[in-house]
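**Student:** I need the structure of the sequence given here:
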Amino acid sequence: MIASQNFPAPGTKVGCSYRWPYRHFHPDCWMPPHKGIVLAMDDPRAWNNSAAFPRKMPTQEECTKHVQDCLKRGLLKGTVPVLWTSSLNTEEFMQWDHSVRPYAEELAAWEQARKDAYSSNNLANSDVIKKEWSAEEGRIGKYVNLDQDTLNGLIGVPLKVLNETIRSILSRK
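**Tutor:** Got it, this is the predicted structure:
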């Protein structure tokens, strides 16, 4: 078993701020963060159907050799394999992530962010949305009509994620 030196030990329950379902919506919609389990870097589940081992589940020996070769070349130092369990359903998925922390810390951060978002000073209203929409259009040089449905969907969005949400919408239109 090869453990990453830069991340929690294999078997540790972790969370990640970009794995908060519906975090770009009103806090009533937020679901608890996905929960992950850190895997050993040479765990075959981390390499199943990867570019290194297409179309098959590699053996433990193949994974260990591959990870050792990668580490010798300075690769894999900024990421760790995590087996995630969705908080939306029971689906599990594996992904290499770069920004994880113990799940208890992640859940506490999520609860605090949700509490902060409920503060009336921290939620977007129509005037703020129109101002930020225009500013973002100017920054990207793309002008898109802010329709009423989009505006209504953004009312109540936490101000901390409003610009990111607007950028996401404008990139799709």
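
**Student:** phi, psi of Gly74?
**Tutor:** phi 80, psi 20 (degrees, to the nearest 10).

**Student:** what lies in contact with stretch 79-95?
**Tutor:** 4, 6-8, 14, 16, 19, 21, 31-41, 43, 45-46, 48, 96-98, 100 (C-beta atoms under 8 Å, 6 or more residues apart in numbering). In this view, the C-beta of every residue, glycine as well, is placed from N, C-alpha and C.

**Student:** Pro10 and Ala40 touch, don't they?
**Tutor:** Yes. In terms of C-beta atoms under 8 Å, Pro10 counts as a neighbour of Ala40; the distance is 4.3 Å.

**Student:** and for those two, which residues touch both?
**Tutor:** 1, 3.

**Student:** looking at the two, which is more packed in?
**Tutor:** Neighbour count, other C-beta atoms under 10 Å: between Pro10 and Ala40, Ala40 has more, with 21 against 18.

**Student:** so what pLDDT did that one get?
**Tutor:** pLDDT for Ala40: 95.

**Student:** helix, strand, or coil at it?
**Tutor:** coil (DSSP: H, G, I helix; E, B strand; the rest coil).

**Student:** grab the most central residue of this structure for me.
**Tutor:** For the chain, Tyr18 is the residue whose C-alpha lies nearest the centre (C-alpha atoms, centre = their mean; 2.4 Å).

**Student:** look up how far Trp30 lies from the closest residue to that residue other than its chain neighbours.
**Tutor:** Leaving aside its sequence neighbours, Tyr18 sits nearest to Ser99 (C-beta to C-beta, 6 or more residues apart in numbering; 7.3 Å). According to C-beta to C-beta, to the nearest Å, Ser99 and Trp30 sit 19 Å apart.

**Student:** could you list the domains of the protein?
**Tutor:** As given by automatic domain parsing, the domain ranges for the chain are 13-118, 122-172.

**Student:** compare those domains and say which comes out lowest on pLDDT.
**Tutor:** domain 122-172 (a mean of 86).

**Student:** quick one: end-to-end distance for that domain.
**Tutor:** Counting by C-alpha to C-alpha, to the nearest Å, you get 26 Å between the two ends of domain 122-172.
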